[in-house]
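Chemist: I would like to see how this sequence folds:
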Amino acid sequence: MWSIPPAEKTWYKWDVFLSFRGEDTRHGFTDKLYRELNRNGIRSYCGNEGLEYGDDIAPGLLEAIEDSAASVAVISRNYASSRWCLEELAKIFECRRLILPVFYEVDPSDVR
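Modeler: Predicted structure coming up:
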């Protein structure tokens, strides 16, 4: 029988945290994914609006990761060149959340 360790949180504000490179996918794939997830009752966090190039990652993003049951990383051409994306990914791994990669217009074998 599987059980959640006592220290594990059993309720999260968000079902899914979306990690993505805004310039690559925000106004296309990620917007559509976000709308469909929410339309189907999946509480999704998709917010790095207001962040400017060179800014530190917003504390709200890190808190949203901590308060999400799982994450979807939309791996696009410029994802790995974004410090924010890499910081989000590191936080997701640190929190030991389920992560589902989606390879958007890149071949998974190109990601190393």
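
Chemist: helices or strands next to whichever helix in the chain runs longest in the packing?
Modeler: Using DSSP state H to define each element, the chain has its longest helix at helix 83-94. In terms of contacts (3 or more CB pairs under 8 Å, 6 or more residues apart in numbering; DSSP states H and E), helix 83-94 is packed against strand 14-20, helix 59-66, strand 68-75, strand 98-103. Backbone N, C-alpha and C define where each C-beta goes, glycine included.

Chemist: what mean pLDDT does the third one have?
Modeler: Over the span of strand 68-75, the pLDDT mean works out to 96.

Chemist: mind checking which helix or strand of the chain has the lowest mean pLDDT?
Modeler: The weakest-scoring helix or strand in the chain, judged by mean pLDDT, DSSP states H and E, is helix 59-66 (a mean of 88).

Chemist: export the helices and strands packed on helix 83-94 to JSON lines and tack on mean neighbour count?
Modeler: What follows is the helices and strands packed on helix 83-94, written out as JSON lines (neighbours: other CB atoms under 10 Å):
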{"stretch": "strand 14-20", "mean neighbour count": "24"}
{"stretch": "helix 59-66", "mean neighbour count": "16"}
{"stretch": "strand 68-75", "mean neighbour count": "21"}
{"stretch": "strand 98-103", "mean neighbour count": "14"}
